[in-house]
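Enquirer: Quick one: sequence plus predicted model below, questions after.
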Amino acid sequence: MRNRHSRRESGSAAEINMTPLIDMVFILLIFFIVTTSFVNETGVDVNRPSAETAVNKELANIMVAITSSGQINIGGRVVDRRAVRANIERLHAENPEGSVIIIADKDAKTGLLIEVMDQARLAGIANVSIAAERD
């Protein structure tokens, strides 16, 4: 009797159910896709000035670009200087934790840069930074 029982166990192939493993892989994949933050670019080529004290800034969600010709871009759209505050307020309402980074061309006028910084602060954002290239 013992002999027959051992033959049954050794003769049958062990099956592994792969469904829970595949489910877990899909759940992890969805988790990583949802939690990944994507970099927002301004869509404008700007020749940034360099600075030795430049540091990387993470989680800056509102990007404002100022070209050498004085054109202001927010979120890939050209914006009039009178509409900068309204656009920043709208983007800040979508993401209250975000800060503003101004990417100004090194040939842009300082007066326009100060005006954009002032409009960002008037929009209620205290954390306004200016982008620079690290030396």
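Expert: That came through, no problem. All values derive from a computational prediction rather than experimental measurement.

Enquirer: just so I have it, where are all the helices in the protein?
Expert: 2-11, 19-35, 84-94, 110-122 (DSSP state H).

Enquirer: What is the distance between the second one and the centre of its chain?
Expert: Taking the mean of its C-alpha atoms, helix 19-35 sits 22 Å from the chain's own mean (C-alpha atoms, centre = their mean, to the nearest Å).

Enquirer: Average pLDDT for that helix, rounded please.
Expert: What helix 19-35 shows for mean pLDDT is 87.

Enquirer: now do the third one
Expert: Helix 84-94 comes out with an average pLDDT of 88.

Enquirer: Show me where the chain dips below the pLDDT cut-off.
Expert: Across the chain, the ranges flagged by pLDDT under 70 are 1-12, 37-60, 134-135.

Enquirer: Outline the domain layout of it.
Expert: Following automatic domain parsing, one gets these domains for the chain: 2-35, 50-134.

Enquirer: which of those domains sits most buried?
Expert: Neighbour counts (mean count of other C-beta atoms under 10 Å) averaged over each of these peak at domain 50-134, with a mean of 16. C-beta: built from backbone N, CA, C; applies to glycine.

Enquirer: How far does it sit from its chain's centre?
Expert: On the basis of C-alpha atoms, centre = their mean, domain 50-134 sits 15 Å off its chain's mean C-alpha point.
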